[in-house]
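Visitor: Build me a model:
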Amino acid sequence: MLIGEMSILDWSQMSMLPDLSMLTASLQDLGHQVAKEVNVLATTDYGRLSRIDILADFQNAFQNFIKSGQVWALGIGLVVGWVLHSFIGS
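Guide: Next up is the predicted model:
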């Protein structure tokens, strides 16, 4: 038989698709490994969680916003933006 000359019988005996069972098995193993790692990360960090107080965190952030002078920057920016908008007009 010459290269490039194959009969229909030869083509039917050859597998056109590679064996995907090996790839599927390795992807399943990878999925299980990732799930185990995520589970370990989630459970180990759970013990370090402390009590969360959202209102106290918001209050501290707002007090920092006032004390650091960012409120003045916000006010000046709003006034300057309003003045520029009135000059430019859109």
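Visitor: hey, where'd the helices end up in this protein?
Guide: For the chain, helices defined by DSSP state H occupy the ranges 8-13, 21-46, 54-67, 70-88.
Visitor: Show me the contact partners of the third one.
Guide: Helix 54-67 is contacted by residues residue 71 when judged by C-beta atoms under 8 Å, 6 or more residues apart in numbering. Backbone N, C-alpha and C define where each C-beta goes, glycine included.
Visitor: ok and it relative to helix 70-88, angle-wise?
Guide: 70 degrees (axes from the mean of the first three to the mean of the last three C-alpha atoms, to 10 degrees).
Visitor: Go through helix 54-67 and flag the buried ones.
Guide: Residues of helix 54-67 include none that count as buried (16 or more other C-beta atoms under 10 Å).
Visitor: low-confidence ranges in this structure?
Guide: 1-25, 27, 34-49, 90 (pLDDT under 70).
Visitor: now do 90
Guide: Scanning the chain with the threshold set as pLDDT under 90 gives 1-53, 87-90.
Visitor: Now do the contacts for residue 71.
Guide: Residue 71 neighbours (C-beta under 8 Å, 6+ apart): residue 65.
Visitor: Would you mind measuring from it to residue 55?
Guide: According to C-beta to C-beta, to the nearest Å, residue 71 stands 20 Å off from residue 55.
Visitor: What of residue 83?
Guide: Residue 83 is 36 Å from residue 55, by C-beta to C-beta.
Visitor: Next: residue 79.
Guide: For residue 79, the distance to residue 55 - C-beta to C-beta - is 31 Å.
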